[in-house]
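> Fold the following, please.
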Amino acid sequence: MQETSQQYIQRILGHIEGKDPLRVQRETPKKLQTLIKPLSKKQLTQRPEPGKWSIAEILAHLADAELVGGWRMRLILGNNGVSIQPFDQDVWAETFAYSLRDPAASLETFRVLRENNLAMLKALPKNLWDNYGMHQERGKETIAHIVRMFAGHDLNHLAQVEKITKANRSKRAA
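Modelled structure (predicted):
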């Protein structure tokens, strides 16, 4: 059963409770690098089960999501109250062949985009953190909310990568 927009928001924000969202975002690229470093190309591209993304696909998704997030925040900052277009991550994964993307290149793209977005946020005056866009599925989203959502999104996908990595270690040990 597909989760509602409200359920998605609650699930993602649940990951970030009690944590500093900017710190989480700063640390994510390094954590991903550490997790994937010992893995082979086969381990990075193998799906943990049918219908679930491989680590390579998760990394490609994170790179594209960071691009979208950076665009959305800039759009909102330049036009407070602007409409925000959703995107279907599964359509993007298929259309942009996430399964064929180089995991190292995806991680590097994610890292550079994240660094750039964090630099923009660091320089942002506090009053602009209340600027918002109207997401067509999720409603009003301020810059502060988007920052929390992206940190929760990071933790969600880090947990998935950790789970796949542990399963790979278990297979090697067996």
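
> surely S83 meets M134?
Yes: using C-beta atoms under 8 Å, S83 makes contact with M134 at a distance of 5.3 Å. Glycine gets a C-beta too; all of them are placed from N, C-alpha and C.

> neighbour count winner among the two?
M134 (13 against 10; other C-beta atoms under 10 Å).

> Contact partners for the more buried one?
81-84, 140-141 (C-beta atoms under 8 Å, 6 or more residues apart in numbering).

> Can you pull up the most central residue in this structure?
In the chain, the centroid-proximal residue (C-alpha atoms, centre = their mean) is L62; its distance is 4.2 Å.

> host element of that one?
Using DSSP states H and E, L62 sits in helix 55-78.

> hang on, L22 is in a strand, isn't it?
No: L22 is assigned helix when assessed by DSSP: H, G, I helix; E, B strand; the rest coil, not a strand.

> Please name the residues that touch it.
118, 121, 147, 151.

> swap in I36?
44, 55, 59, 103, 107, 161, 165.

> Now that we have those, which of them are buried?
44, 55, 59, 103, 107, 161, 165 (16 or more other C-beta atoms under 10 Å).

> Give the other helices and strands that the helix or strand bottoming out on mean pLDDT in the chain contacts.
One helix or strand of the chain scores below all others by mean pLDDT, DSSP states H and E: helix 143-173, with a mean of 91. Contacts defined by 3 or more C-beta pairs under 8 Å, 6 or more residues apart in numbering; DSSP states H and E place helix 143-173 against helix 5-16, helix 21-36, helix 55-78.

> Now do it against helix 55-78, angle only.
170 degrees (axes from the mean of the first three to the mean of the last three C-alpha atoms, to 10 degrees).

> Flag every buried residue along helix 143-173.
Neighbour-count burial for helix 143-173 flags 143-155, 157-158, 161, 164-165, 168 (criterion: 16+ other C-beta under 10 Å).

> With stretch 98-111 instead?
Here stretch 98-111 shows 98, 101, 103, 106-107, 109-111 as buried, counting by 16+ other C-beta under 10 Å.

> contacting residues for the closest residue to L155 other than its chain neighbours?
Leaving aside its sequence neighbours, L155 sits nearest to H15 (C-beta to C-beta, 6 or more residues apart in numbering; 3.8 Å). Residues near H15 by C-beta under 8 Å, 6+ apart: 151-152, 155-156, 159.

> Tell me, what's the model's pLDDT at the residue nearest to Q46 when sequence neighbours are not counted?
Sequence neighbours aside, S54 is the residue nearest to Q46 in space, at 5.7 Å (criterion: C-beta to C-beta, 6+ apart). In this prediction, S54 carries a pLDDT score of 97.
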